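In: with the sequence up front, the predicted model follows.
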Amino acid sequence: MNLSLSKEQKVLLALFRLWNEGKKKVRYEDVVVRAFEDYPADFHLKGYPHYPDSGDAVHKPLYDYRKKGMVSASHKMFALTPHGVTEAQRLEGLERGKPVRPNSRHRLERDAEIEIERIKGLESFKLFCAGKKEEIIDADLFDYLGVSVRTSRSDFIGRLETMKSAVIALADTGREDAVLEKVQQFHEYIMSRFANDIAFKSRLKSAHGGVAPDAS
């Protein structure tokens, strides 16, 4: 039995299908048309069932997924991140009525595996493992997230959510591995030590009060 997907999930699938056809960067208008073609009842212009709706029905979900680290966006061109591809593949399976595969206690999805391997190669992680936390600096936060100081607020938040998801997925595997345990500890350390930097870049309230200006 097929599970009913939300309109937001259908937008991600529309982008995924265009991506699967070789369009690694997709115009906003193409997503609008594809969503309408695949799901005309959900994405038609109000009062005009034969025309696509190019408004918030598609626009908002794309940018919400960007903040979840599943979509990248620049000048109304959109692409899927590895995290987004994994989620879209899961949704496609659900839509086709495929049984949900139970989570393995020792298995990571490919997108999470990529992030964990990247963490293990970071100089800051090696310093952490060597007990040299004092040598980790604020630039290492950006290195950990795979962003730069010029990264937009939305993309920064997206990468933050991606890393959180990867570490949660790692914990859920239940693997007993000293290095992987260090990865989890390292994530917690980075999130705690640079909490104010994260708050500032995310425009959240810092520990000193107030709201940081838009760093996008």
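Out: Structure received.
In: gap between stretch 34-42 and the chain center?
Out: Computed by CA atoms, centre = their mean, to the nearest Å, the chain-centroid distance of stretch 34-42 equals 24 Å.
In: and the protein, what are its domain boundaries?
Out: Residue ranges of the domains in the chain are recorded as 7-95, 110-202, according to automatic domain parsing.
In: what's the closest non-adjacent residue to the residue nearest to the spatial centre of the chain?
Out: Compute the mean C-alpha point of the chain, and by CA atoms, centre = their mean the closest residue is residue 69, 1.8 Å away. Nearest non-adjacent residue to residue 69, counting by CB to CB, 6 or more residues apart in numbering: residue 162, 3.3 Å away. C-betas here are computed from N, CA, C, even on glycine.
In: what's the helix or strand for that neighbour?
Out: Per DSSP states H and E, residue 162 falls inside helix 153-173.
In: in whichever helix or strand comes after that helix, what's buried?
Out: Under the assignment DSSP H and E, the closest C-terminal helix or strand after helix 153-173 is helix 178-193. Under the neighbour-count criterion of 16 or more other CB atoms under 10 Å, helix 178-193 has 180, 182-183, 186-187, 189-191 buried.
In: now do the contacts for residue 44.
Out: Contacts for residue 44 (CB atoms under 8 Å, 6 or more residues apart in numbering) come out as 36, 50-53.
In: what about the strands in this structure?
Out: Assigned by DSSP state E, the strands in the chain fall at 26-27, 44-45, 48-52, 71-74, 77-80.
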